[in-house]
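Colleague: Below: sequence and its predicted model.
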Amino acid sequence: MAGTEENPIVYPPLEMPANVQRGQVTVWSLGLALDADIYRPTDRAPDAKLPAVVLSHGMGGDKLTCERYAAKFASVGIVAMAFSQSSWGDSHGRLMLVDGSAPDDSGEMTARVRMAREVIDPLDWIDGYRAMVDYLEGDSMVNPQRLGAWGTSFGGGTALCVAATDARIKALAIQVPAVFNPPAPMLELGSLRARQIARGEVDSFDLDGDGMPGVPGKVHYARMAQYRVGDLVERVTVPALILDAANEELFDITQSGGRAHELIKARGVESYYEVLPDIDHYGIYFGGYERGSELAKDWFLKYL
């Protein structure tokens, strides 16, 4: 999450480590062009294959939310990829046909389309995250057996979903994560929106009025109702680092990060949980940054 349109979060500037190089790439996810940055250490040994981590922002954010974390990981020998989720930042959103000709025999047609912008679609977010893992798996600098997942806020839930269902992920680190199933009112609204979209009564792209208090953009509630991150917690089998804010104001940490830690630990999987004092949700990027980023860096160095 990244504040509101009226009061956006302005993150501290990145001070690029001397041994880190950042490059922009385009990663394709189910036909969508996603904007990503890869942070690489410049002092690796010749032909060394390095661990790698994918980083996801939260609601209302983009790839720059993660840049300080990605640069820090790269400075200690980890290839890091930070990206903007579908329809956020410079990443493409889904296309909706406005009008067009009938396809010819080869399937080609002339069409006018509209692109969705700033839509929170958790299923698209999972697909986008997997595409980043695919990209890193084929990178010549990366050891595909040493891949990790990092996420913040809503992106922490995305990272957990991928870690729980993709055997390529070997370690997980999430902070102020939203890792619970949608509450009943959201499920009810999602069910209603799904029926309305199917009948053409609601525009599945504009989603006018379907926002969330304090969060920029629009929420695809029909897709949100299918997002069951809380059910996937018990499928996490890799070492998990979970960080929460003591003054979390957006949700109950005992039913989110705290619950996830207990469920993972109860299955005999390595899990470390810490509540950072004196910070609220967004404080994780300010007063909580040094501690949170150090813990995540050390976690990946230990388990990747």
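Modeller: Here it is on my side, so go on. On a predicted model such as this, the values are computed, not experimentally measured, just so you know. Numbers count the residues shown, from 1 in each chain.

Colleague: going forward, measure contacts and count neighbours with C-alpha atoms only.
Modeller: OK.

Colleague: Quick check: which element contains Arg146?
Modeller: strand 142-152 (DSSP states H and E).

Colleague: Does that strand pack against any helices or strands, and if so which?
Modeller: Under the contact definition 3 or more CA pairs under 8 Å, 6 or more residues apart in numbering; DSSP states H and E, strand 142-152 sits against strand 50-56, helix 122-137, helix 154-165, strand 169-175.

Colleague: Any regions of the protein where pLDDT drops low?
Modeller: Applying pLDDT under 70 to the chain flags the ranges 1-7.

Colleague: before we move on, back to that, direction included, what does the strand holding Arg146 pair against?
Modeller: Strands that pair with strand 142-152, judged by DSSP bridges, come out as strand 50-56 (parallel), strand 169-175 (parallel).

Colleague: which residues are contacting the last one?
Modeller: The one in question is strand 169-175. 145-153, 156, 159-160, 162-163, 238-244, 284, 292, 296, 299-300, 303-304 (CA atoms under 8 Å, 6 or more residues apart in numbering).

Colleague: relative to helix 154-165, how tilted is that strand?
Modeller: Counting by axes from the mean of the first three to the mean of the last three CA atoms, to 10 degrees, strand 169-175 points 160 degrees away from the direction of helix 154-165.

Colleague: Then the first one?
Modeller: Per the same axes, to 10 degrees, the angle that strand 50-56 makes with helix 154-165 is 130 degrees.

Colleague: Let me know the angle separating strand 50-56 from helix 122-137.
Modeller: Using the same axes, to 10 degrees: strand 50-56 against helix 122-137 is 160 degrees.

Colleague: how far out from the middle of the chain is the host helix or strand of Met81?
Modeller: Remark: Met81 resides in strand 79-83, with elements defined by DSSP H and E. Centre-to-centre, strand 79-83 and its host chain are 11 Å apart (CA atoms, centre = their mean, to the nearest Å).

Colleague: right, and the helices and strands packed on strand 142-152 - which one's nearest Val76?
Modeller: strand 50-56 (10.4 Å; CA to CA).

Colleague: Show me the contact partners of that closest one.
Modeller: By CA under 8 Å, 6+ apart, strand 50-56 touches 63, 66, 70, 77-85, 129, 132-133, 136, 141-152, 155-156, 158-159, 304.

Colleague: what's the answer for stretch 133-149, then?
Modeller: By CA under 8 Å, 6+ apart, stretch 133-149 touches 27, 47-55, 79, 159-160, 162-163, 168-173, 300, 304.

Colleague: Drop anything exposed from the residues you listed.
Modeller: Neighbour counting over the contacts of stretch 133-149 (16 or more other CA atoms under 10 Å) leaves 27, 49-55, 79, 159-160, 162-163, 168-173, 300, 304 as the buried ones.

Colleague: Looking at the helices and strands packed on strand 142-152, spot the one closest to Asp231.
Modeller: helix 154-165 (9.4 Å).

Colleague: and that closest one, what other elements does it pack with?
Modeller: Using 3+ CA pairs under 8 Å, 6+ apart: helix 154-165 touches strand 50-56, helix 122-137, strand 142-152, strand 169-175, helix 229-232.

Colleague: Show me what it is in contact with.
Modeller: By CA under 8 Å, 6+ apart, the list of residues contacting helix 154-165 reads 1, 55-59, 122, 125-126, 129-130, 149-151, 169-172, 174-180, 229, 232-233, 235-238.

Colleague: Just want the angle from the strand holding Arg146 to strand 79-83.
Modeller: In terms of direction (the same axes, to 10 degrees), strand 142-152 departs from strand 79-83 by 50 degrees.

Colleague: Can I get strand 142-152 as CSV, trimmed to CA atoms?
Modeller: Extracted in CSV, the C-alpha atoms of strand 142-152 (Å, rounded to 0.1, in the frame of the first residue of the first chain):
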residue,chain,number,x,y,z
VAL,A,142,21.3,-16.9,-11.5
ASN,A,143,21.4,-20.3,-9.9
PRO,A,144,17.8,-21.5,-10.5
GLN,A,145,18.0,-23.7,-7.4
ARG,A,146,18.4,-20.7,-5.1
LEU,A,147,15.3,-18.5,-5.7
GLY,A,148,13.6,-16.5,-3.0
ALA,A,149,10.4,-14.5,-2.6
TRP,A,150,10.0,-11.1,-0.8
GLY,A,151,6.8,-9.0,-0.5
THR,A,152,5.5,-6.1,1.4
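
Colleague: Kindly state the distance between the middle of it and the middle of its chain.
Modeller: With CA atoms, centre = their mean as the basis, strand 142-152 stands 13 Å off its chain's centre.
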